[in-house]
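*Asks:* Mind looking at a prediction? Sequence and model below.
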Amino acid sequence: MAVKFDPLHSTTGLWNRAHKRFAYLYFANGLKSQDIGRISTLCRKFSPIVADDSPYGIILDISGCAHLCKGEKMLLQQLNKQLTQLNLGTIQGAIAPTVWAAAALAQARPNSIVNHNEMPEVLFPLALTALRLSEQTFLSLDELGIASCGDLLALPQKSLAQRFGNQLISYLDELLGIRPTALDNVVEEKCWQIEKVLMEPARSTQHLMKAVTFALSELCTSLVEQQLGIIQLQLLFIGLDKKKYSFVIGVSEASLNLKKLMQLITLRLGTFNAGLGIESISLEALQTAPLSAEQMNLVKNLNNLAGKNSYSQALLDVTPAKAGAQGEAKSGILDPGLRRDDKSSKNTQLTDLADLLSTRLGEKSFFPTFPCE
């Protein structure tokens, strides 16, 4: 089919289609809002501009970025490889000079890499289902016998505008590169993650839980400074044989209750077998939320009770039912003896807190040493 689009070759103003490159990642199982943060964080390794197109996919403006991955083909392969590790189902990618061309190709012809001189002919064979059309528009075009993108683009724009309105014309203009597509860059969320390399491989559950407890206390310390609590927590263990073991726990409301979180982790791990041994661990708060005013008041009371001991923040039990600094002191959650006026060493403070954690978690000598560096 020979169709000529004169405006397609326009390079007036700042918009020059020949120099723009977009990658689109289509999520066959749908893109959930709670996954956008970690996906965008990963995608920013490949492009500074990442836009959300949920529930369909993610858009990356990769103009001038491909050489960092030794070409667009390698960039697309590395993107797919890293996103596959997130276990989000089938992900299909494509690269094209326009956003909606890349989106259509990712859905209909995965792994396609299209240059500007292949447009718009490369789009002609695509079914209308690959285009971003409303259900009503799709049904109307189907009744008219319009089955492909080429059939649609061959129709006079004036007739399309009269029948379907200017919204369809605007979409087709963006599909062909006649006008640019406005992208709203996803606001980058801070990654709340603690990684630890063990001094010695953890071959027993007890040894592993010692490291997890210490890492979780550090993560809670960072979160409380931002008045945030954990909703969903991911644990990642890497073995000596480089195998990866991933576990996720969640709570119904934001929490920094270390005892509660450790109980959930213990239940989640069950009879986990460390095999040859675990050489490193990573804890990441996949989802966080602000702590309630009641919880923050309790945190402040505990901080006042503990003085300037920064490590005490890792032991905060922000259960709303327990209120008041004196009540917390009597409950044994935070021992006033942890307050130090002398210049004691960091290791001594950690040992004191280790003993306190042992008491709180109900296991004698829970972790007498710290296996992390």
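*Replies:* Cool, the structure landed. Treat the numbers as computed from the prediction; the structure is a model and nothing was measured.
*Asks:* List the buried residues of the lengthiest helix in the chain.
*Replies:* In terms of residue count, the longest helix belonging to the chain (DSSP state H) is helix 205-225. Neighbour-count burial for helix 205-225, counted by 16 or more other CB atoms under 10 Å, picks out 205, 207-224. C-beta here means a position set from N, CA and C on the backbone, and glycine is covered the same way.
*Asks:* what ranges do the helices span in this structure?
*Replies:* Using DSSP H, helices in the chain cover 36-43, 72-84, 99-108, 135-143, 149-153, 157-164, 166-176, 205-225, 258-269, 293-306, 325-331, 346-360.
*Asks:* most neighbours per residue, which of these?
*Replies:* Among the helices of the chain, helix 99-108 has the highest mean neighbour count (mean count of other CB atoms under 10 Å), at a mean of 25.
*Asks:* now what about stretch 64-81, what contacts it?
*Replies:* Residues from elsewhere that reach stretch 64-81 (CB atoms under 8 Å, 6 or more residues apart in numbering): 21, 23, 25, 43, 46-47, 60, 62, 91, 93-95, 111, 113.
*Asks:* do the same with stretch 151-167
*Replies:* 1, 3, 5, 120, 123-124, 128, 131, 137, 140-141, 145-146, 168-169, 172, 176.
*Asks:* Mind checking the pLDDT average for it?
*Replies:* Stretch 151-167 carries an average pLDDT of 90.
*Asks:* Going forward, count from 36.
*Replies:* In the new numbering, first residue 36, that becomes stretch 186-202.
*Asks:* Could you pull up the residues touching the closest residue to S98 other than its chain neighbours?
*Replies:* Closest residue to S98 apart from its sequence neighbours, by CB to CB, 6 or more residues apart in numbering: R56 at 4.9 Å. The contact partners of R56, taken as CB under 8 Å, 6+ apart, are D96, I97, S98, G99, C100, A101, E107, I130, A131, P132.
*Asks:* any idea how far R56 lies from G310?
*Replies:* Distance, R56 to G310, using CB to CB, to the nearest Å: 43 Å.
*Asks:* list the contacts for the residue nearest the centre of the chain?
*Replies:* Geometric centre of the chain, nearest residue: R73, 0.8 Å, by CA atoms, centre = their mean. By CB under 8 Å, 6+ apart, the residues touching R73 are L121, C226, L321.
*Asks:* same question, L207
*Replies:* L187, L188, Q192, L195.
*Asks:* Okay, domains of this protein per the record?
*Replies:* Under the assignment automatic domain parsing, the domains of the chain span 41-211, 228-395.
*Asks:* and those domains as JSON lines, adding distance to L218?
*Replies:* Shown next, in JSON lines, are the domains of the chain (distance: least, CB to CB, whole Å):
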{"stretch": "domain 41-211", "distance to L218": "4"}
{"stretch": "domain 228-395", "distance to L218": "25"}
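*Asks:* what's the least confident stretch among those domains?
*Replies:* Lowest mean pLDDT within these: domain 228-395, at a mean of 70.
*Asks:* now the contacts of stretch 99-116 in JSON lines, with distance to G285?
*Replies:* Below are the contacts of stretch 99-116 laid out as JSON lines (distance: CB to CB, whole Å):
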{"residue": "R56", "distance to G285": "38"}
{"residue": "A58", "distance to G285": "31"}
{"residue": "L60", "distance to G285": "25"}
{"residue": "C78", "distance to G285": "24"}
{"residue": "F81", "distance to G285": "29"}
{"residue": "S82", "distance to G285": "30"}
{"residue": "L95", "distance to G285": "29"}
{"residue": "I97", "distance to G285": "34"}
{"residue": "I126", "distance to G285": "23"}
{"residue": "G128", "distance to G285": "29"}
{"residue": "A129", "distance to G285": "34"}
{"residue": "I130", "distance to G285": "36"}
{"residue": "N146", "distance to G285": "34"}
{"residue": "I148", "distance to G285": "39"}
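*Asks:* quick one: which of those is nearest to E288?
*Replies:* Distance to E288 across these (CB to CB) is lowest for C78, with 29.6 Å.
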